[in-house]
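K.L.:
Sharing a sequence plus its predicted fold:
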Amino acid sequence: MDDVKPLPVAVIGAGPVGLAAAAHLLSRGLEPLIFEAGDSVGASVRDWAHVRVFSPWAFNIDPAAADLLEADDWVAPPAEEYPTGGEIVERYLEPLAALPAIDGRLVLGARVTAVTRLGIDKLKDAGREQAPFELIVDHGGIEQRYVASAVIDASGTWTRPNPLGAGGVPAAGERAHQERIAYRIPDVLGADRDRYAGKRVLVIGTGHSAFNALVDLVALRQEAPSTEIVWAVRRDAPGDKLGGGSADQLPERGALGETVRRLVEETGAVQLVTGFQTRSIDERGGQIVLGDGARELVADEVIATTGFRPDLSLLGELRLDLDDRVEAPRTLAPLIDPNLHSCGTVPPHGVDELSHPDPDVYVVGMKSYGRAPTFLLRTGYEQVRSVVAALDGDWQAARTIDFVLPETGVCNVNRAPATESPAASACCGAGSPHEEATAAA
């Protein structure tokens, strides 16, 4: 029996965090098997290829992945430069995926539809922890099944944008008018220019995706002066969502928020509408009309930057311990729940915060944050380093998390309840801070 080949570790998603997980597995002599639903690696990143991130290359390359690449004579981009999503794919993810060690273990066009314990449903206890995992995979319309010793789900949340409806479900009429709504950061200055030039455009959302869309629309208006820009937020004011300005330790992130602040408060290029919660969407006179019960906003096009949520359906037969609000691992949730605090920083975390009642299954990357809006690629890289060390039995390395990330310059725990946990209050306390925002903004 000594010559029995160990089962691979299944990695779901071939984006930056999924490929980093594969690199860490290979660095420890473990066998990855990577499933990517798209036809190429970095499929979600390609959707925002035109967006320049506000974190430099140094934050966007995983150390284990860099080791693999450099052994193949790859030259890292300048650490201080700021890449676009397209450059992250072309200069980092594609060369990484092309390495024989990765390419031979990568299955493209393979959508994982379900994960279970082999022959054991969610209810059954007997033999559960000893049973390997079974993955049901749709590969080009053909169902295939794979067995794995562990599962690392790095499939992200990009394909599951939140609806415009304030109640968490599509507003009345939203589905019927989806062709007028972009649930991404459109390429306003490139491929999507004709869609927005000279139009009245409504942007909804308070995150960095909204900021990028607003800045691009203002640039477009210099070429097409009849372009009108309206920004609607659910809050009474954007407040600390505009960021920490010069106090932000990532200068480009702070500058983005300051630019939007000036566009609203000083130049008047952007019309701000506060306290607007979309309840209905209709069409009138060729334009789209959004209502909140008391007011209406009329536009030609809508850009919805209202965040994302995880697709947990494929893990439905596994025993996960998720927070019922954030849909993140229960131990991690208080650190990122915006109901508890508005900090842009979170203490570093790893395998202990990502573990579930079913051992050896981990949700990592943006998906690990559930519905919370704060994330950075470097966070995902540290998550998979810790998780893979634990899978290799190296618990000392798994629990040694000493990296430091730049603070946002924003910290306000006034909304935290009196019974707030020490973990939650640590968000703004001493220790290594955690940075907000996806690499896509």
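P.N.:
Yes, it's here.
K.L.:
Just give me how far the helix or strand hosting residue 33 sits from the chain centre.
P.N.:
Using DSSP states H and E, residue 33 sits in strand 32-36. Offset of strand 32-36 from its chain centre (C-alpha atoms, centre = their mean, to the nearest Å): 19 Å.
K.L.:
Could I get the CA-only coordinates of it as CSV?
P.N.:
Provided in CSV are the C-alpha atoms of strand 32-36 (Å, rounded to 0.1, in the frame of the first residue of the first chain):
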residue,chain,number,x,y,z
PRO,A,32,-3.0,20.3,-6.7
LEU,A,33,-5.8,19.8,-9.2
ILE,A,34,-7.1,23.2,-10.3
PHE,A,35,-10.6,23.7,-11.8
GLU,A,36,-11.5,26.9,-13.7
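K.L.:
which strands and helices sit next to that strand?
P.N.:
Packing contacts for strand 32-36, counted by 3 or more C-beta pairs under 8 Å, 6 or more residues apart in numbering; DSSP states H and E, involve strand 9-12, helix 16-27, strand 106-108, strand 110-117. Yep, even glycine has a C-beta here, placed from its N, CA and C like the rest.
K.L.:
would CSV of these with distance to residue 378 and mean pLDDT be doable?
P.N.:
Shown next, in CSV, are those (distance: least, C-beta to C-beta, whole Å; pLDDT from 0 to 100):
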stretch, distance to residue 378, mean pLDDT
strand 9-12, 18, 98
helix 16-27, 10, 98
strand 106-108, 23, 98
strand 110-117, 25, 98
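K.L.:
Could you identify the helix or strand that succeeds the strand holding residue 33?
P.N.:
helix 43-47.
K.L.:
Just the buried residues of the following helix or strand past that following helix, please?
P.N.:
Next along the chain after helix 43-47, taking DSSP H and E as the criterion, comes helix 57-60. Residues of helix 57-60 classed as buried: 57, 59, 60 (neighbour count, 16 or more other C-beta atoms under 10 Å).
K.L.:
what residues are up against the first one?
P.N.:
Which is residue 57. 76, 77, 78, 79, 80, 81, 82, 83 (C-beta atoms under 8 Å, 6 or more residues apart in numbering).
K.L.:
Check the second one too.
P.N.:
The contact partners of residue 59, by C-beta under 8 Å, 6+ apart, come to 376, 377, 378.
K.L.:
is it true that the first one touches residue 55?
P.N.:
Yes - with contact defined as C-beta atoms under 8 Å, residue 376 and residue 55 form a contacting pair (6.7 Å).
K.L.:
one step back: outside of the strand holding residue 33, which residues touch it?
P.N.:
8-14, 18-19, 21-22, 25-26, 43, 102, 105-112, 135, 137, 146, 148.
K.L.:
Now, of those, which are buried?
P.N.:
Counted by 16+ other C-beta under 10 Å, the contacts of strand 32-36 give 8-14, 18-19, 21-22, 25-26, 43, 102, 105-106, 108, 110-112, 135, 137, 146, 148 as buried.
K.L.:
so where's the stretch 151-300 of the chain uncertain?
P.N.:
237-254 (pLDDT under 70).
K.L.:
ugh, wrong one, the stretch 301-441 of the chain
P.N.:
Within the stretch 301-441 of the chain, the stretches with pLDDT under 70 are 341-345, 403-441.
K.L.:
just the helices in it please.
P.N.:
Taking DSSP state H, counting those that start in this stretch to define them, one finds helices in the stretch 301-441 of the chain at 333-336, 351-354, 377-391, 395-398, 422-425.
K.L.:
So residue 64, which state does it fall into?
P.N.:
Of the three states, residue 64 takes helix according to DSSP: H, G, I helix; E, B strand; the rest coil.
K.L.:
what's the spacing between it and residue 328?
P.N.:
24 Å (C-beta to C-beta, to the nearest Å).
K.L.:
Mind checking which of the two has more residues around it?
P.N.:
residue 328 (24 against 21; other C-beta atoms under 10 Å).
K.L.:
Appreciated, that's everything.
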